[in-house]
Structure formats: structure tokens, C-alpha cells
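S.K.: Kindly generate the corresponding structure for this input.
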Amino acid sequence: MARLHIPTVLRWGDLDAYGHVNNVEILRLLEEARIQALWMPDDEAERLASAPSAVLDARLGSATLSIIARTEIEYLVPIDYRRTPLDIEVWIGRLGGAGIDVCYEIRSPVGIEPDELFARATTRVVLCDSQTMKPRRLSTGERLAWKPYVEEALIFTRR
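M.R.: Residues are numbered from 1 along each chain as shown. Here you go, the predicted model:
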């Protein structure tokens, strides 16, 4: 199966007092990668260049909301500031009835040696009807778009 590779730029403000990316900012980096991987861009030109997995309409007033039900992060190595975008690998660990488990690995920039794994995470995303706020089933189109990116879910080692 395939993984999406989302280049993600760090901001100077992402650093904590120790000079590492703050744990809260790592959650933001995961959010950015998830949005690029799953959400359809508003602009038609951007839509043509987006990942084939970006099928959720997240515009204001859309029929579906993507609700975060759970996130688990395993921090492995501190991330120092760098100007080259980190590589966030994204895949689907589980396609459920109304939700998915999005898995991530935050890695050193593509082509930079040694390849370091900084953090691993999983986020459970539940799709809800925006009118009723009740979970709704994944559509056939969503399943088809996400199926190529389904692989084994993360198993966290440090519990």
C-alpha cells in the first residue's frame, strides 16, 4: 500500500524554551498534514494538484463535519528547528463505518540523512452530518479514495 508524504514547514514560534518543537505544536503539524491529506482545497487549481485522498468538503456550510474523537502521540526524539520541511507520512490504519484512524510518522526531511523518526501518532476522525451532528457512514467515494492508503495501524511501544 501507499503512504502520503506531506512536507510540513516549521515556524520559529513552534519552539519551546529548550529549542525543540513544542509538543502542542506537534499536534498542529499533524492537523496540517491531515487537512492536506483529507480535505478538498477550495480553489480549483489547487484541487487538481492535491492528493487523490483529499475528498472531504470542509467548506463552511458543507454537509459533513470531521470530528476528532481521539489522538495518541508517541514522542520519540526531540525535533530541532530546521528550514527544510519535515516529511509527515500519512496513511489510514482503519476504515470504519463512520470514521477512520489516520496514522502519521513525523520524519526528517526527504533526502536528509540519517532518516530520523521523531514521533508517531494516530487520530480517530468521525464523520458527522452537519445538521444533526450524528455520525454518518463513509461514502463509496471516500472509501475508494482512501482504500489505497490503508495499511497496518500503528502499535505504540511506550505505554
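S.K.: How many neighbouring residues does the residue nearest to Ile79 when sequence neighbours are not counted have?
M.R.: With C-beta to C-beta, 6 or more residues apart in numbering as the criterion, Ile79 has its nearest non-adjacent residue at 4.0 Å, and that residue is Val21. (Each C-beta comes from the backbone N, C-alpha and C, glycine too.) Using other C-beta atoms under 10 Å, Val21 has 25 other residues around it.
S.K.: so what's the backbone phi/psi at Val21?
M.R.: Summarising the backbone geometry of Val21 under the convention degrees, to the nearest 10, its torsions are phi -60, psi 130.
S.K.: after the helix or strand bottoming out on mean pLDDT in the chain comes which helix or strand?
M.R.: Using mean pLDDT, DSSP states H and E, the weakest-scoring helix or strand in the chain turns out to be helix 44-49, at a mean of 70. On the C-terminal side of helix 44-49, the nearest following helix or strand under DSSP states H and E is strand 64-75.
S.K.: What is that next one packed up against?
M.R.: The contact analysis (3 or more C-beta pairs under 8 Å, 6 or more residues apart in numbering; DSSP states H and E) places strand 64-75 against helix 23-38, strand 117-129.
S.K.: Look up how far Leu65 lies from the closest residue to Ala98 other than its chain neighbours.
M.R.: Distances taken as C-beta to C-beta, 6+ apart put Pro135 closest to Ala98, at 3.7 Å, once the chain neighbours are dropped. Counting by C-beta to C-beta, to the nearest Å, the gap between Pro135 and Leu65 amounts to 10 Å.
S.K.: Please identify every residue contacting each of those two.
M.R.: Common neighbours of Pro135 and Leu65, using C-beta atoms under 8 Å, 6 or more residues apart in numbering, are Leu127, Cys128, Asp129.
S.K.: quick one: which of those is most hemmed in?
M.R.: Counting neighbours by other C-beta under 10 Å, Leu127 comes out on top of these with 21 neighbours.
S.K.: ok, back up a step: turn the helices and strands packed on strand 64-75 into JSON lines, columns for mean pLDDT.
M.R.: Formatted as JSON lines, those follow (pLDDT from 0 to 100):
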{"stretch": "helix 23-38", "mean pLDDT": "95"}
{"stretch": "strand 117-129", "mean pLDDT": "97"}
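S.K.: nearest to Tyr75, of these?
M.R.: When the helices and strands packed on strand 64-75 are compared by C-beta to C-beta, strand 117-129 sits nearest Tyr75, at 5.2 Å.
S.K.: Which elements pack onto the closest one?
M.R.: Contact here means 3+ C-beta pairs under 8 Å, 6+ apart; on that basis strand 117-129 packs against helix 23-38, strand 64-75, strand 99-107.
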